[in-house]
Structures are given as structure tokens and as C-alpha cells.
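**Q** pasting the structure only:
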């Protein structure tokens, strides 16, 4: 079973399209485009229920399908709860898709070149 994934919010930017770009850092487990954040919490407060689907992940000036633990990125989300997003929030995916593990794929490629 996959552990819940957390994304710590540092900032939120909205555009004319009403797309919400959430800037932050991934916690100890990866998540993918298509995963749904189902909880939003602030330090010292009880978690709230949300339904925010990840529509895009941008890291290091490119679009990626999965964010690995500890990586910083901009995550585009849509759904119910966008009005509650603000810095210091922690978004949680309780049931993420099976990860492809960004770090493992990089290791495999590096060792196959040897």
C-alpha cells in the first residue's frame, strides 16, 4: 500500500483562466498528474476535506508526470477547495496512484550507462 503524499504550499498564483498554480515542496512520498488532494491542513488546525485534482506539475522549467519526495515544483490544481489554498497549507493525497518513482528511474538510467 502506498503512503499518503503531502505537498507543503509556499505560494498560490491564479490566472485569468482560473487555474490555480500551487508552489511548494513535496513531502516524503511522490505523487502524479491525475492524483487528487483530498485533505488540506494548516499547522495547529484540523484538516479540511477538499477535492483538488492535479492537472500539471512543473519543475525545473519543464512539465513532468510525477514529483518525487523533497522536490520543489508548481502544481496546477482544479476542483473544490481552491478558495482555501494559501501559504503554509499542507495538501494530502490519501490514496495516490502507484508511483513510478522519479528517483529510481534516474538511478536505473545512470547505472545502465556504466
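**A** Happy to help now that I have it. Computed from a predicted structure; not experimentally measured.
**Q** hey, what's the closest residue to residue 71 other than its chain neighbours bridged with?
**A** Distances taken as C-beta to C-beta, 6 or more residues apart in numbering put residue 26 closest to residue 71, at 5.1 Å, once the chain neighbours are dropped. Bear in mind the C-beta positions are built from the backbone N, C-alpha and C, glycine included. For residue 26, the beta-bridge partners are residue 7 (DSSP bridges).
**Q** Confirm for me that residue 26 is in contact with residue 68.
**A** Yes. Residue 26 is within contact range of residue 68, at 6.6 Å (criterion: C-beta atoms under 8 Å).
**Q** Neighbour count for those two, which is higher?
**A** Taking other C-beta atoms under 10 Å, residue 26 and residue 68 do not tie; residue 26 has more neighbours (23 against 20).
**Q** Can you name the residues that contact the more buried one?
**A** 5-7, 67-73 (C-beta atoms under 8 Å, 6 or more residues apart in numbering).
**Q** Which members of those residues are classed as buried?
**A** Among the contacts of residue 26, those scoring as buried are 5-7, 67-69, 71, 73 (criterion: 16 or more other C-beta atoms under 10 Å).
**Q** Tabulate the contacts of residue 26 (CSV), appending distance to residue 46, secondary structure and pLDDT.
**A** Shown next, in CSV, are these (distance: C-beta to C-beta, whole Å; DSSP: H, G, I helix; E, B strand; the rest coil; pLDDT from 0 to 100):
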residue, distance to residue 46, secondary structure, pLDDT
5, 20, strand, 91
6, 16, strand, 94
7, 18, strand, 97
67, 26, strand, 94
68, 29, coil, 92
69, 25, coil, 91
70, 26, coil, 94
71, 28, coil, 96
72, 27, strand, 97
73, 27, strand, 97
